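Student: need coordinates for the below:
(one chain, ligands or ions: 1)
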Amino acid sequence: MRHFRSFSILIFVALAISTSALGQSRKIEQRVDSLLKQMTLEEKIGQLTQYAGDNQATGPVNFKGDHLALIKSGKIGSMLSIMGTKYTRQYQEAAMQSRLKIPLLFGLDVIHGYKTTFPIPLAEAASWDIGLIERSARIAAIEASASGIHWTFAPMVDIGRDPRWGRVMEGAGEDPYLASRIAFARVRGFQGTGLGNLDSVMACAKHFTAYGAAVGGRDYNSVDMSLPQLWDIYLPPFKAAVDAGAATFMNSFNDLNGVPATGNHYLQREILKDRWNFQGFIVSDWGSIGEMVPHGYAADRKDAALKAILAGNDMDMESSAYRFALAELVNEKKVPMAVVDEAVRRILRKKFELGLFDDPFRYSDPEREGRELNNPEHRDFAREIARKSIVLLKNDKQTLPLSKNVRSIAFIGPNVKAERDNHGFWSVHLPNLDYDKFIVSQWEGVRSKVSGETKMVYAQGCDVDCRTTDGFAEAVEAAKLSDVVVLSVGERANMSGEAKSRSNIHLPGKQEELIKAVVATGKPVVVLINAGRPLVFDWTADNVPAIVYTWWLGTEAGNAIADVLFGDYNPSGKLPMTFPRSEGQIPIYYNHFNTGRPARDEDANNYVSAYIDLKNSPKFPFGFGLSYTDFKYADLKLDRSQIRPDGKIGVTFELTNTGKVAGEEVVQLYLHDRVGSLVRPVKELKDFQKVKLGPGETKRLSFTIDKEKLSFFNGDLQWVAEPGEFEIMIGSSSADIRLRDKFELVK
Ligand code: BGC
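Tutor: Numbers count the residues shown, from 1 in each chain. Prediction:
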């Protein structure tokens, strides 16, 4: 009876909450309706118009001079790239002088932290730690919202199968399952417990869609792709973002099968707004409405505005196409007023949800800003996530961890003393903050880790471009004088990111020659690779005993790297993207099809699908990463060998830490659908767990397989699980499968 009573109370509370949420959203709809009725067409178009301030621009800036006047006359609804309570307040004050006093929305690319920077998103993905990734977005939102920002243009959820494409640094890598889990977490992190809470910002899933599949890995290039591939590989993270409640979406620069994403009715109206019932709004990418003219899809800016709004693009970022052409299009009856109203309604709804109509300055509290931007917990967290994002690629003869009492270290390379670079591309540059000082460099991190007795010798060797060998002799000398060498090489932060495609993804310039010269001294060498993408470094991989992939780790980079180098943290990161042996293998990804003539690496020349001059296998596979300990996988058990569509299979196995130190392992579960109405990948990640075990400790782990994990989009784009045999593979990477079995899906 008591149980029944508490159960009834629970139901009552749940009902009360959902009824009040319903009431709240009804109230918002009424307020939106009544506001819409008062708006002129010009004011409506104003709500669909967004311009950039001059804090941070990522493209050509238009009409800077008259922004304030436009805001006062209700012709701008949103500004991007303005930050700080002081600036945002000034802009909002201007909006409050407009006839209807509709508040502005402030958007910004808060991609991996705000003042406190976290690892670049691809690096965070390497942590495979979903809780931590959500927390990273949460803290970014806390700082950004305290600084006047309502809306981040993140997460970027584009699948990246091509490391030449510089924007892989912004995403979660190549796998749709991992990327979907991360997309969900990031949206949740940014939006917190819901819009309207002062520490939440609106998320924006971008770039919708298939932007990462640009031909040749060249940014902004065209994409040609089958619809099953679009649905199976590229759309899932976007769907996850909708499921997590993403308030906004951004479309993309590319054309997809001949239709620019910005003017793409199928993507924006049919899939996103209709099939997925997305209630938020879609913003164009920077100038992407106007770019439909050079694409050859629109005759002029007016035609571009027509195509964009009809296709479902709600807000115009920086094209001025809606501003100059939409009124005419409505007056000529080419665009129904209802279409404009729908777009305005979606945007106003969010402004109401954010509470901006109740208090337009609620995000402009300098006291909160000061407190949150200097919150020491954020820095502690930055160190935690940074060290969990590092991937140990090689550790022969237990070169690592190093002893803190080592007598002498030569710390060599272009990135040892780098400061700003550690923030990575897409970090926010706050006015009045000396970013070079607000960072722990790698030199400082190591210096504060080793004993006072340890002698540290520095030699740059060469800069990042490394065009000459002039500094090599000094580096070799430093190596000879020391017990161990740490070499920090890689890209500059701005070698990956938007418009940073590279046709050659080797270590830049003569960096690998620098490594060779230092290795020739015979000293133990550890190489740190700083980069925003998978690089090619075959000689290093084959000849250097220890390699640590550090990506770009943010504010606490130096401390995090030192934690791993000296064993205060046992590395646990795993690659979220395949590392090729050479650019010639790109695109390269683990979840490929088998083909009718599958090859093993040794089979080349035998009329199989292979190169005659290179292996098919990657240099480092998806899901790979070492630890200072070892893990044993044993005793796989499936609780049944057949599953019905409404059933489940329980999977268990034992994981043991067989080494001498505690460590974390990311156990990965892959499935292979043996026969399909469309051919299926050789394996697909369907689940994973990150597990911490003490030395000698064993745990029995379990997974559940249900129909969802067996389904895919068939030729009719239906989500189906087809009866037949499935292989199950559990392992430490996509190429290191330790346990296998099979089961059957029966009707
Ligand atoms: C990028 C977007 C970004 C926007 C605003 C564009 O160039 O493609 O990802 O959000 O600029 O800065």
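Student: now Asp341: phi and psi?
Tutor: phi -60, psi -40 (degrees, to the nearest 10).
Student: quick one, what contacts Val651?
Tutor: By C-beta atoms under 8 Å, 6 or more residues apart in numbering, the residues touching Val651 are Leu636, Lys637, Leu638, Asp639, Leu669, Ser702, Phe703, Thr704, Ile705, Ile728, Ile730. Just so you know, the C-beta spots here come from the backbone N, C-alpha and C atoms, and that holds for glycine as well.
Student: I'd assumed Ile737 was in contact with the first one.
Tutor: No. The pair Leu636 and Ile737 does not pass the contact test of C-beta atoms under 8 Å, sitting 10.9 Å apart.
Student: for the stretch 501-650 of the chain, which segments count as helices?
Tutor: All helices of the stretch 501-650 of the chain, identified by DSSP state H, counting those that start in this stretch, fall at 511-519, 538-543, 557-565.
Student: and of the ones you listed, who's closest to Phe713?
Tutor: Phe713 lies closest to helix 538-543 among the helices of the stretch 501-650 of the chain, at 36.5 Å (C-beta to C-beta).
Student: for the closest one, which positions count as buried?
Tutor: Thr540, Ala541 (16 or more other C-beta atoms under 10 Å).
Student: likewise for stretch 207-222?
Tutor: 207-214, 217-222.
Student: what do Leu636 and Ile737 both touch?
Tutor: Contacts common to Leu636 and Ile737, judged by C-beta under 8 Å, 6+ apart, are Ile730.
Student: before we move on, the earlier item: kindly indicate which of the buried residues of stretch 207-222 lies nearest the ligand.
Tutor: The nearest member of the buried residues of stretch 207-222 to the ligand, counting by C-beta to the nearest ligand atom, is His207 at 6.2 Å.
Student: I'd say the closest one and Pro260 touch.
Tutor: No. Counting by C-beta under 8 Å, His207 does not reach Pro260; the two are 11.7 Å apart.
Student: now do the residue of the stretch 201-350 of the chain found nearest the ligand, the pLDDT please.
Tutor: Among the residues of the stretch 201-350 of the chain, Trp286 lies closest to the ligand, at 3.9 Å counting by C-beta to the nearest ligand atom. On pLDDT, Trp286 comes in at 98.
Student: tell me how many other residues surround Asp33.
Tutor: Around Asp33 there are 12 other residues, counting by other C-beta atoms under 10 Å.
Student: please report the distance of it from the ligand.
Tutor: 31 Å (C-beta to the nearest ligand atom, to the nearest Å).
Student: what does Ala179 give?
Tutor: For Ala179 relative to the ligand (C-beta to the nearest ligand atom), the value is 16 Å.
Student: identify the residues contacting that residue.
Tutor: By C-beta under 8 Å, 6+ apart, the neighbours of Ala179 are Ala125, Val157, Ile159, Gly171, Ala172, Gly173, Pro236, Pro237.
Student: farthest pair in these?
Tutor: Of all pairs in the contacts of Ala179, the most separated under C-beta to C-beta is Ala125 and Pro236 at 14.7 Å.
Student: and these two? Which one has more around it.
Tutor: Higher neighbour count among Ala125 and Pro236: Ala125, with 28 against 20, using other C-beta under 10 Å.
Student: surely the residue of the stretch 201-350 of the chain closest to the ligand and Asp316 touch.
Tutor: No. If you go by C-beta under 8 Å, Trp286 and Asp316 don't touch, sitting 10.4 Å apart.
Student: more neighbours, those two?
Tutor: Shown here are Trp286 and Asp316; by other C-beta under 10 Å, Asp316 has more neighbours (32 against 22).
Student: nearest residue to that one other than its sequence neighbours?
Tutor: Nearest in space to Asp316, with sequence neighbours left out and distances taken as C-beta to C-beta, 6 or more residues apart in numbering, is Tyr322 at 4.2 Å.
Student: smallest gap between the protein and the ligand, at which residue?
Tutor: Phe153 (3.4 Å).
Student: so what's that residue up against?
Tutor: Leu80, Gly107, Leu108, Asp109, Val110, Ile111, Cys204, Lys206, Met250, Val283.
Student: one more pass at 6 Å, please.
Tutor: Asp109, Cys204 (C-beta atoms under 6 Å, 6 or more residues apart in numbering).
Student: report pLDDT for it.
Tutor: At Phe153, pLDDT is 98.
Student: next one: Gly59
Tutor: 43.
Student: just to revisit the earlier point, adding distance to Glu93, pLDDT and secondary structure, write the buried residues of stretch 207-222 out as CSV.
Tutor: What follows is the buried residues of stretch 207-222, written out as CSV (distance: C-beta to C-beta, whole Å; pLDDT from 0 to 100; DSSP: H, G, I helix; E, B strand; the rest coil):
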residue, distance to Glu93, pLDDT, secondary structure
His207, 33, 98, strand
Phe208, 34, 98, strand
Thr209, 38, 96, coil
Ala210, 41, 97, coil
Tyr211, 37, 98, helix
Gly212, 40, 97, helix
Ala213, 44, 98, helix
Ala214, 42, 98, coil
Gly217, 45, 98, helix
Arg218, 43, 98, coil
Asp219, 38, 98, coil
Tyr220, 37, 98, coil
Asn221, 42, 98, coil
Ser222, 44, 98, coil
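Student: from the residues you listed, which single one is nearest Gly290?
Tutor: Closest to Gly290, out of all of the buried residues of stretch 207-222 and judged by C-beta to C-beta, is Tyr220, at 13.4 Å.
Student: just give the nearest non-adjacent residue to the closest one, would you?
Tutor: Tyr220 sits nearest to Phe253 (C-beta to C-beta, 6+ apart), 4.7 Å away.
Student: now that neighbour, what's its secondary structure?
Tutor: Look at Phe253: counting by DSSP: H, G, I helix; E, B strand; the rest coil, its state is coil.
Student: including distance to the ligand, could the contacts of Ala179 go into CSV?
Tutor: Shown next, in CSV, are these (distance: C-beta to the nearest ligand atom, whole Å):
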residue, distance to the ligand
Ala125, 17
Val157, 11
Ile159, 15
Gly171, 11
Ala172, 15
Gly173, 17
Pro236, 20
Pro237, 15
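Student: state whether Glu725 is indeed within a strand.
Tutor: Yes. Under three-state DSSP, Glu725 falls within a strand.
Student: specify the beta-bridge partners of it.
Tutor: Glu744 (DSSP bridges).
Student: can you pull the contacts of it?
Tutor: Applying C-beta under 6 Å, 6+ apart, the residues near Glu725 are Arg674, Lys742, Glu744.
Student: coming back round to it: can you redo the helices of the stretch 501-650 of the chain as TSV, where the extra columns are distance to Leu487 and mean pLDDT?
Tutor: Formatted as TSV, those follow (distance: least, C-beta to C-beta, whole Å; pLDDT from 0 to 100):
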stretch	distance to Leu487	mean pLDDT
helix 511-519	6	98
helix 538-543	9	98
helix 557-565	12	98
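Student: for these, which one ends up most surrounded?
Tutor: helix 557-565 (a mean of 27; mean count of other C-beta atoms under 10 Å).
Student: can I get that one as CSV, trimmed to CA atoms?
Tutor: C-alpha atoms of helix 557-565 as CSV (Å, rounded to 0.1, in the frame of the first residue of the first chain):
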residue,chain,number,x,y,z
ALA,A,557,48.2,21.1,-22.2
GLY,A,558,51.6,21.1,-20.6
ASN,A,559,50.5,19.7,-17.3
ALA,A,560,48.4,17.0,-18.9
ILE,A,561,51.3,15.9,-21.2
ALA,A,562,53.6,15.8,-18.2
ASP,A,563,51.1,13.7,-16.2
VAL,A,564,51.2,11.1,-19.0
LEU,A,565,55.0,11.3,-19.6
